[in-house]
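K.L.:
pasted the sequence and its predicted model underneath.
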2 protein chains.
Amino acid sequence: MLSALDLFAERGYDNTTVTEIAERAGLTKTTFFRHFPDKREVLSAGQEVHSRLLADGVAAAPDSATPLEAVAAALDALTASFTAEQREFGPRLLTVIADNPELQERATFKRAALAAALTSALDKRGVPDLTASLAAELGVRAFHRAFEHWVDPASQQTLTELARQALDELRAATAALG
Amino acid sequence: MLSALDLFAERGYDNTTVTEIAERAGLTKTTFFRHFPDKREVLSAGQEVHSRLLADGVAAAPDSATPLEAVAAALDALTASFTAEQREFGPRLLTVIADNPELQERATFKRAALAAALTSALDKRGVPDLTASLAAELGVRAFHRAFEHWVDPASQQTLTELARQALDELRAATAALG
């Protein structure tokens, strides 16, 4: 819902009504509500698709893959789905979320949902619970670090490269926990 | 706000009004709103106190402590603040949250806030960012695993013992990430 994002960026999230979002998108309010039960859902509509991409990526990893290797495969699958348009809107998206506690809360919950999808896919491979949920957490963090770098117009790398790199950095950081 | 928790458990979170919570607690609606801007804040009123206990615990750890040792000290400080009454109400609290997506979202956000407090306290000790945020994440997870065990009436250990144990298990799980 990039038209909604434009409105949020223009006049602030709190000052934007559902009717205005629907109008800008060329939808009736009824159609809008069928798709988005709530204004803030507009910004996290990708949650189910992203969860599925991550889970499928883990399932498709070779049997010999370690938990983090399976997560890397999942990130490849997820990051490949992102478009140039999403990159262009990225900075505005991040600003709108950063400016609004309600949206931050929604974003945090989306991260938890993605981690849960990864954890459950790792569980199905026989990865023990705790390890699965830690590997999932690292995967979600790697994705978000990569996304933040990628949407910077100065960035030269692909989202997939950035996510792999971020996952490697996180793995290295676990060695220093003590 | 244990009276609110009783009401949520009795009639469901969605069916409980702010007026009813205030009445049960012997407060006027105005007083209630001064303390809790929103119905769901009732269940996460400990967020600031808990964040402070964690941050102070990290700050008080010896200079020689590793990041996870500093987190263990923070968990000692946090868990020592819990009372028998909180243990008694624990199962009801967990049920009310598990039954309500809005409260799950709030609980997830509270966890993120506690992790942020721990991360920032570790940063002040000179722990590198990524390691600090991973150590913080393990700390928050350890606390929640411990809390879930502790509120089980069959549990024999203290919350502090359970949290230390959970942190050890999480540390061990990081070794299996691959």
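P.N.:
Perfect, thanks for sending it.
K.L.:
only C-alpha atoms for contact and neighbour calcs from this point on.
P.N.:
Will do.
K.L.:
is stretch A:98-105 anywhere near chain B?
P.N.:
Yes: counting by C-alpha under 8 Å from any C-alpha of the partner chain, chain B is contacted by stretch A:98-105 at A:E105.
K.L.:
distance from that stretch to the middle of the chain?
P.N.:
15 Å (C-alpha atoms, centre = their mean, to the nearest Å).
K.L.:
list the buried residues in it.
P.N.:
A:103-105 (16 or more other C-alpha atoms under 10 Å in any protein chain shown).
K.L.:
same check, this time on stretch A:76-90
P.N.:
Neighbour-count burial for stretch A:76-90 [16+ other C-alpha under 10 Å]: A:76-79, A:87, A:90.
K.L.:
now it: mean pLDDT?
P.N.:
For stretch A:76-90, the mean per-residue pLDDT is 92.
K.L.:
if we can go back for a sec, of the buried residues of stretch A:98-105, closest to chain B?
P.N.:
Checking the buried residues of stretch A:98-105 against chain B by C-alpha to the nearest C-alpha gives A:E105 as the nearest, at 5.8 Å.
K.L.:
can you tell me the closest non-neighbouring residue to the closest one?
P.N.:
B:F109 (5.8 Å; C-alpha to C-alpha, 6 or more residues apart in numbering or on different chains).
K.L.:
what about the one you found, how many residues nearby?
P.N.:
Counted with other C-alpha atoms under 10 Å in any protein chain shown, residues neighbouring B:F109 total 21.
K.L.:
on contacts alone, who are the packing partners of whatever helix or strand it lives in?
P.N.:
Here B:F109 sits within helix B:101-124, counting by DSSP states H and E. On a contact count with 3 or more C-alpha pairs under 8 Å, 6 or more residues apart in numbering or on different chains; DSSP states H and E, helix B:101-124 meets helix A:101-124, helix B:47-60, helix B:67-80, helix B:84-98, helix B:129-150.
K.L.:
centroid-wise, who is the farthest residue in chain A?
P.N.:
A:G178 (29.7 Å; C-alpha atoms, centre = their mean).
K.L.:
can I assume it is in contact with B:L68?
P.N.:
Yes: A:G178 is in contact with B:L68 according to C-alpha atoms under 8 Å; the separation is 5.8 Å.
K.L.:
close to chain B: what parts of chain A are there?
P.N.:
Close to chain B, as judged by C-alpha under 8 Å from any C-alpha, chain A has residues A:66-69, A:105-106, A:108-109, A:112, A:130-131, A:134-135, A:170, A:173-174, A:176-178.
K.L.:
buried ones among the residues you listed?
P.N.:
Buried, going by 16+ other C-alpha under 10 Å: A:66-69, A:105-106, A:108-109, A:112, A:130-131, A:134-135, A:170, A:173-174, A:176-177, out of those.
K.L.:
that older thread, so the residue farthest from the centre of chain A, which state does it fall into?
P.N.:
coil (DSSP: H, G, I helix; E, B strand; the rest coil).
K.L.:
and the pLDDT at the closest residue to it other than its chain neighbours?
P.N.:
In space, A:G178 comes closest to B:T66 once its chain neighbours are excluded; the distance is 5.1 Å by C-alpha to C-alpha, 6+ apart. Listed pLDDT for B:T66 reads 97.
K.L.:
likewise A:V18?
P.N.:
Value for A:V18, per-residue pLDDT: 78.
K.L.:
tell me, how many residues neighbour it?
P.N.:
19.
K.L.:
could you verify my assumption that it touches A:T31?
P.N.:
No: at 11.1 Å, A:V18 does not count as touching A:T31 under the criterion of C-alpha under 8 Å.
K.L.:
save the buried residues of stretch A:98-105 as CSV, and put in pLDDT too.
P.N.:
Formatted as CSV, those follow (pLDDT from 0 to 100):
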residue, pLDDT
A:L103, 84
A:Q104, 84
A:E105, 80
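K.L.:
distance of A:L68 from B:G178?
P.N.:
6 Å (C-alpha to C-alpha, to the nearest Å).
K.L.:
for A:Q86, same thing?
P.N.:
A:Q86 is 32 Å from B:G178, by C-alpha to C-alpha.
K.L.:
same thing with A:A107?
P.N.:
28 Å.
K.L.:
and A:T79, by the same measure?
P.N.:
In terms of C-alpha to C-alpha, A:T79 sits 21 Å off from B:G178.
K.L.:
do A:F89 as well
P.N.:
A:F89 is 35 Å from B:G178, by C-alpha to C-alpha.
K.L.:
since that was my last question, I'll sign off now.
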